[in-house]
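**Q** No letters, just coordinates:
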């Protein structure tokens, strides 16, 4: 497996993501999504990362994290192995579930950070799975929009940018309501992702 060029640094933000091998599903039923979130808590939250936003899709996932340590790769590998073993046992399958190692992009600015949360939370809408982000259970959008109590810390930069949860909901309206500069930013962000 090729070595990652990115060095994880404590207190820095990263977008972590991966998809199913050959673009196949990684979640097959509701319990799979919940099991993955339990494994995230066990392998990532307890020691290595603060997960600030997430979206689990049928064949991929997105995590926006802030590192507590630089041991991210090992923790993500343990997460992927634990989840793959569980799915292989549950569905009597063998082999890799994920398409190689997870991908990581360092977040370099506050603007990128809040557009990234928008991108993550709109993923199920863009994929045509739901019409509104609040209709997708397996995303942190519900916490950000004030529609579900949660335990994840919200991004300080978003709380500074948006005066209320209602303003964040407006920020997630379709791209055609965005200013041209913001729309270009979101288009460039999409070009970096696996799910496009």
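**A** Everything's here; your move. What you see is a predicted model, and the numbers here were worked out from it, not measured in a lab. Residues are numbered from 1 along each chain as shown.
**Q** any low-confidence regions in the protein?
**A** 1-5, 152-161, 163-164, 174-196 (pLDDT under 70).
**Q** the helices in it, which residues?
**A** 30-40, 72-90, 110-126, 141-144, 156-161, 165-171, 180-191 (DSSP state H).
**Q** Redo these as TSV? Include distance to residue 24.
**A** For glycine as for every other residue, the C-beta is placed from the backbone atoms N, C-alpha and C. TSV is the format used below for these (distance: least, CB to CB, whole Å):
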stretch	distance to residue 24
helix 30-40	13
helix 72-90	11
helix 110-126	18
helix 141-144	25
helix 156-161	33
helix 165-171	33
helix 180-191	22
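**Q** how about those in JSON lines, adding mean neighbour count and distance to residue 8?
**A** Putting these into JSON lines (neighbours: other CB atoms under 10 Å; distance: least, CB to CB, whole Å) gives the following:
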{"stretch": "helix 30-40", "mean neighbour count": "16", "distance to residue 8": "17"}
{"stretch": "helix 72-90", "mean neighbour count": "17", "distance to residue 8": "4"}
{"stretch": "helix 110-126", "mean neighbour count": "21", "distance to residue 8": "16"}
{"stretch": "helix 141-144", "mean neighbour count": "23", "distance to residue 8": "24"}
{"stretch": "helix 156-161", "mean neighbour count": "14", "distance to residue 8": "20"}
{"stretch": "helix 165-171", "mean neighbour count": "15", "distance to residue 8": "28"}
{"stretch": "helix 180-191", "mean neighbour count": "12", "distance to residue 8": "20"}
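**Q** Select, out of those, the one closest to residue 103.
**A** helix 72-90 (10.2 Å; CB to CB).
**Q** Report the beta-bridge partners for the residue nearest the centre of the chain.
**A** Geometric centre of the chain, nearest residue: residue 62, 2.1 Å, by CA atoms, centre = their mean. As for beta bridges, residue 62 partners with residue 17, residue 55 under DSSP bridges.
**Q** This completes my enquiry, with thanks.
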